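J.: My questions are about this predicted structure, shown below with the sequence.
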Amino acid sequence: MNISFLNILLLLIPLFLFILGLRFFRVNLLKRSITSIGRMIIQLFLVGVYLEYIFKFNNWAINFIYILIMVMVASLSTIDVVKLNYKKFILPLFGAIFLSWIIVYTLYQFIILHDINFFESRYIIPVSGMLLGNLLQGQIIFLNNFFTQIKDGEDSYFFLLSMGATKFEALREFYMKSILSSLQPGLANMATIGLVALPGMMTGQILAGASPFTAIKYQISIMLAIFCIRGLSLIFTTFAINQIAFDKFSRLKKDVFR
Amino acid sequence: MIKLEQLNLMLKEQPIFINLNLHIKKNKKILLKMPSGAGKSTLLKVIMGYIPVNSGNILIDGEVLGQNNIDDLRQKFAYISQNISFTEESVEKYIELIFSFQKNKGIKLSNSALYKLLENFDLDKSILKKSPLLLSGGEKQRIALILVLLLDREILLLDEVTSGLDHDLKIKVIEIIKDLDKTVIISSHDNQWLDYDEFEVVGW
């Protein structure tokens, strides 16, 4: 069933009444809500429009460029949020993210979508979007956590180095903790999914007319792929950091941050 | 053994060392005793190659410390800093971790030596099962010293290793260090070190 834009706009009325009501508690969210909701509507609307065209053209080159742009944006946002040096991190992160995407998506394509052309836009674009969006979250948690730990734990790191640890051996604990904290939300999410809230993608499919059972199968396959790509990309990033963030004296380089 | 030539270092636009020269002979024990902020801890880190200097050379056994020999030269040292925290779930596991490093594979961890050192440093064996999170500052300092002695490094750089100890324990630790057959550089505010002629006070 299609829904009309007028009805969506009607939904905004109770929402704004609620936001005004919040002022009673001195919570003033009016301005922020308007910008956030406005951005969401405009961005999704634009995405809808260009996806219409991308699906219509269904050209492999366009789709591939679209993926490259997504990978680029994911790399840039990670660097931006973690406040890293753009020049130093853009290539390694782009490489790590692209490599993770190509491995996981290829597997997904061969195992789940084997009847479908690799670059079929109806599949490659939304699936990659979900994979990369989750990977981005994972990268941000991981890198933030890692660099905070190494700043706070510099003395312990130096102690281990002087005790004969190689750089990797001395950093292993930091890597381990950062990987755990990055994968934790995904694990918790998988363990409780469906108990209360149905995942957004599945809800969307059901609302759009798919049978719940089909929706569940897609949901499971996507969640597994998301977990894979999140973990895999962390491993690649770990290798990249180990190479580029430290000098020959195993010191954290000053120009890692901007 | 350790020679510092014309060291210059600026940190946050403050000069820390200006043309610092220092020569430390083998098996000498040096006590850096200066007010806070003079750069005692920094000097230890500089010798370990943890902080880059603006100019000057650091020579270890005649070799200039540089990026090509740093890994080998660091193997001659042991460095204990002020706020280390141990990882792993128990002290015992942490000790095993250190002995599992590639470069330490050749060194065998002897339990009898470990127990003897625990006794010398006035620690009970039960501390091995304790979580590192439950250790006091003084306990951590002593465990770190024990590790350093087990690895038997030639040169010890000790940054405030007695700060968390009471008077009697300070004396105990100082007496162990003074009898070591090693080159030692100590940074400390404690006056108890001054009672022993083995330590030569150095400042700049």
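T.: That came through fine. Residues are numbered from 1 along each chain as shown, chains lettered A, B, ... in the order given.

J.: if I pick residue A:10, what's in contact with it?
T.: Under the criterion of CB atoms under 8 Å, 6 or more residues apart in numbering or on different chains, residue A:10 has no contact partners. Heads up, the C-betas are built off the backbone N, CA and C, glycines and all.

J.: I'd like the distance from the helix or strand harbouring it to the chain centre, please.
T.: Using DSSP states H and E, residue A:10 sits within helix A:5-21. Relative to its chain's centre, helix A:5-21 lies at 29 Å (CA atoms, centre = their mean, to the nearest Å).

J.: Quick check: mean pLDDT of the helix or strand following that helix?
T.: Downstream of helix A:5-21, the next assigned helix or strand under DSSP H and E is helix A:30-57. What helix A:30-57 shows for mean pLDDT is 91.

J.: Show me which residues of the helix holding residue A:10 are buried.
T.: residue A:19 (16 or more other CB atoms under 10 Å in any protein chain shown).

J.: ok, how many other residues are close to residue A:112?
T.: Using other CB atoms under 10 Å in any protein chain shown, residue A:112 has 18 neighbouring residues.

J.: how about it, what does it touch?
T.: For residue A:112, the contact set (CB under 8 Å, 6+ apart) comprises residue A:221.

J.: Return the helix holding residue A:10 as PDB; C-alpha atoms alone will do.
T.: Presented in PDB, the C-alpha positions along helix A:5-21 are these (Å, rounded to 0.1, in the frame of the first residue of the first chain):
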ATOM      1  CA  PHE A   5       2.800  12.700   1.500                       C
ATOM      2  CA  LEU A   6      -0.200  14.700   2.900                       C
ATOM      3  CA  ASN A   7      -0.700  11.900   5.500                       C
ATOM      4  CA  ILE A   8       3.000  12.100   6.400                       C
ATOM      5  CA  LEU A   9       2.700  15.800   6.900                       C
ATOM      6  CA  LEU A  10      -0.400  15.200   9.100                       C
ATOM      7  CA  LEU A  11       1.800  13.000  11.300                       C
ATOM      8  CA  LEU A  12       4.000  16.100  12.000                       C
ATOM      9  CA  ILE A  13       1.100  17.900  13.800                       C
ATOM     10  CA  PRO A  14       0.900  15.600  16.900                       C
ATOM     11  CA  LEU A  15       4.700  15.500  16.900                       C
ATOM     12  CA  PHE A  16       5.000  19.200  17.200                       C
ATOM     13  CA  LEU A  17       2.300  19.400  19.800                       C
ATOM     14  CA  PHE A  18       4.300  16.900  21.800                       C
ATOM     15  CA  ILE A  19       7.500  18.900  21.400                       C
ATOM     16  CA  LEU A  20       5.700  22.000  22.500                       C
ATOM     17  CA  GLY A  21       4.300  20.100  25.500                       C
END
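
J.: Next, the angle from that helix to helix A:30-57.
T.: Calculated by axes from the mean of the first three to the mean of the last three CA atoms, to 10 degrees, helix A:5-21 forms an angle of 160 degrees with helix A:30-57.

J.: and the residue of the stretch 1-150 of chain A found nearest chain B, what helix or strand is that in?
T.: Closest residue of the stretch 1-150 of chain A to chain B, CB to the nearest CB: residue A:149 (10.7 Å). Element membership of residue A:149, judged by DSSP H and E, is helix A:121-152.

J.: just residue B:21 next, same as before
T.: Going by DSSP H and E, residue B:21 is part of strand B:14-24.

J.: what's the neighbour count on residue 186?
T.: No chain in the question, so chain A it is. Counted with other CB under 10 Å, residue A:186 comes out at 17.

J.: wait, chain B
T.: Quick note: residue B:186 (other CB under 10 Å) scores 25 neighbours.

J.: list the contacts for it?
T.: Contacts of residue B:186 (CB under 8 Å, 6+ apart): B:29, B:30, B:31, B:32, B:158, B:161, B:177, B:193, B:199.

J.: Kindly report the same for residue B:95.
T.: B:109, B:114, B:128, B:147, B:150.

J.: Turn the residues you listed into TSV, including pLDDT, secondary structure and neighbour count.
T.: Shown next, in TSV, are the contacts of residue B:95 (pLDDT from 0 to 100; DSSP: H, G, I helix; E, B strand; the rest coil; neighbours: other CB atoms under 10 Å in any protein chain shown):
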residue	pLDDT	secondary structure	neighbour count
B:109	91	coil	14
B:114	96	helix	18
B:128	96	helix	18
B:147	95	helix	21
B:150	95	helix	21
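
J.: ok, and which of the residues you listed reach chain A?
T.: With CB under 8 Å from any CB of the partner chain as the criterion, the contacts of residue B:95 include residue B:147 near chain A.

J.: Give me the spatial nearest neighbour of the residue of chain A found nearest chain B, chain neighbours excluded.
T.: Residue nearest to chain B within chain A: residue A:248 (3.5 Å; CB to the nearest CB). Nearest non-adjacent residue to residue A:248, counting by CB to CB, 6 or more residues apart in numbering or on different chains: residue B:67, 3.5 Å away.

J.: Kind regards, and thank you for your time.
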